[in-house]
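1. Here is my input, please return the structure:
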Amino acid sequence: MKVAFLLYNQLFLAAKQNPRVVPEAMSLFDIVHKGGLIMWPILFCSILALAVFFERLVTYRKSELAVEETLPGIKNLIFKGNFDEALLRSSSFHGPVGRVIRQILLFHYLPLSELREAAQNAAQLEIPRLEAHLPILSTIASISPLLGLLGTVNGMIEAFLAMNRASGAVSVTDLASGIWMALVSTAAGISVAIPTQIAYNFLITRLSAILGDIERVSTELIHAIIEYRWQNNQVLEEEDQAHEITPKTEPYDRHN
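-> Sure thing, here's the model as predicted:
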């Protein structure tokens, strides 16, 4: 740390004596060039993170469903026994929530245990689609500062090599390249990591909301089907059938 401080201090004093060493205005390409080769992976990570963020944002927007507005109508149709009309109305629902609704309505005649399993399987199939590409954002948020740190190390190595070549009598020009590489790469890595982490957390929040809607829809629709069956004595009939199917075994008597 002391050596790095001395390098920065020497560069500052030399730049103060010769202010034309650092240009007044620099383009983005010049900054990337001064950051060294490590800037290109960082730049690629920033573009990839931006693309993934907008792709997931559009996907989640299409996956959302106004549950508060659509669910009461479907439940009323279930209470009336109009499953065909409920299925027809749900055909206009897009996204994972709509697919889970249709799955439950398609298999509404199944026993409750199998119906719950069908709803759970439908929800499990939607999770990988919703979580797709999110690990890319998490990885970029993690490795971007490390790439910047690698650029810092490379810059310090170049500065020390310049000092070694100059045999101690180092000028600001000799140090400028290494110091530029160290500072620019560090700033670039952090600048990519911070917004990427924010974007990742934002998308995780949207994902949790969609999964919550799926769970709510599954629970309320199955409860509505249970209530409909109860009103029509179908639940009692299913229980009687289950008792008939279950074999009754007598205790084993070892004396016989």
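
2. What strand or helix carries Arg61?
-> Assigning secondary structure by DSSP states H and E places Arg61 in helix 39-63.

3. how far does that helix sit from the chain's center?
-> 11 Å (Cα atoms, centre = their mean, to the nearest Å).

4. Next SSE downstream of it?
-> Defined by DSSP H and E, the subsequent element after helix 39-63 is helix 67-80.

5. what comes up buried for that following helix?
-> Val67, Thr70, Leu71, Ile74, Lys75, Leu77, Ile78 (16 or more other Cβ atoms under 10 Å). To be clear about C-beta, it is placed using only N, CA and C from the backbone, and glycine gets the same treatment.

6. Same question for stretch 88-96.
-> Arg89, Ser90, Phe93, Gly95, Pro96.

7. pretty sure the third one is touching Gln103, no?
-> By that I understand Phe93. No: contact criterion Cβ atoms under 8 Å: Phe93 and Gln103 do not qualify, at 11.6 Å.

8. Helices along the chain, start to end?
-> 2-17, 28-34, 39-63, 67-80, 83-90, 95-106, 112-131, 134-165, 172-231, 234-245 (DSSP state H).

9. if you compare the ones you listed, which one is most tucked away?
-> Mean neighbours per residue, mean count of other Cβ atoms under 10 Å, is largest over the helices of the chain for helix 95-106, with a mean of 22.

10. which strands and helices sit next to that helix?
-> helix 39-63, helix 67-80, helix 83-90, helix 112-131, helix 172-231 (3 or more Cβ pairs under 8 Å, 6 or more residues apart in numbering; DSSP states H and E).

11. tell me the angle it makes with helix 39-63.
-> Interaxial angle, helix 95-106 versus helix 39-63 (axes from the mean of the first three to the mean of the last three Cα atoms, to 10 degrees): 40 degrees.

12. what's the angle between helix 95-106 and helix 83-90?
-> 170 degrees.

13. Can you list the neighbours in contact with helix 95-106?
-> Around helix 95-106, the neighbours that count as contacts under Cβ atoms under 8 Å, 6 or more residues apart in numbering are 62-65, 67, 74, 83, 86-87, 90-93, 115, 118-119, 122-123, 126, 129-130, 210, 213-214, 217-218, 221-222, 225.

14. From the chain's centroid, how far away is it?
-> 23 Å.

15. Just the mean pLDDT for it, thanks.
-> Averaged across helix 95-106, pLDDT comes to 91.

16. can you check stretch 115-135 too?
-> The average pLDDT for stretch 115-135 rounds to 92.

17. before we move on, what about stretch 229-238?
-> On average, the pLDDT along stretch 229-238 is 67.

18. Among the buried residues of stretch 88-96, which one lies nearest to Met163?
-> Nearest to Met163 out of the buried residues of stretch 88-96 is Pro96 (Cβ to Cβ; 59.9 Å).

19. pLDDT weak spots in the stretch 1-150 of the chain?
-> For the stretch 1-150 of the chain, the stretches with pLDDT under 70 are 1-33, 35.

20. To clarify, my last question referred to the stretch 151-256 of the chain.
-> The stretch 151-256 of the chain contains residues with pLDDT under 70 at 166-174, 177, 234-256.

21. try 90 this time
-> 151-185, 227-256 (pLDDT under 90).

22. was I right about Phe83 contacting Arg89?
-> No: between Phe83 and Arg89 there is no contact under Cβ under 8 Å: 10.7 Å.

23. hey, what's in contact with both of those two?
-> Common neighbours of Phe83 and Arg89, using Cβ under 8 Å, 6+ apart, are Leu77.

24. what residue lies at the spatial centre of the chain?
-> Most central in the chain under Cα atoms, centre = their mean is Leu134, positioned 3.2 Å from the mean C-alpha point.

25. these two touch, right, it and Thr205?
-> No: Leu134 lies out of contact with Thr205 (Cβ under 8 Å); the separation is 11.8 Å.

26. What are the contacting residues of stretch 186-195?
-> 35, 39, 42-43, 45-46, 49, 140-142, 144-149, 151-152.
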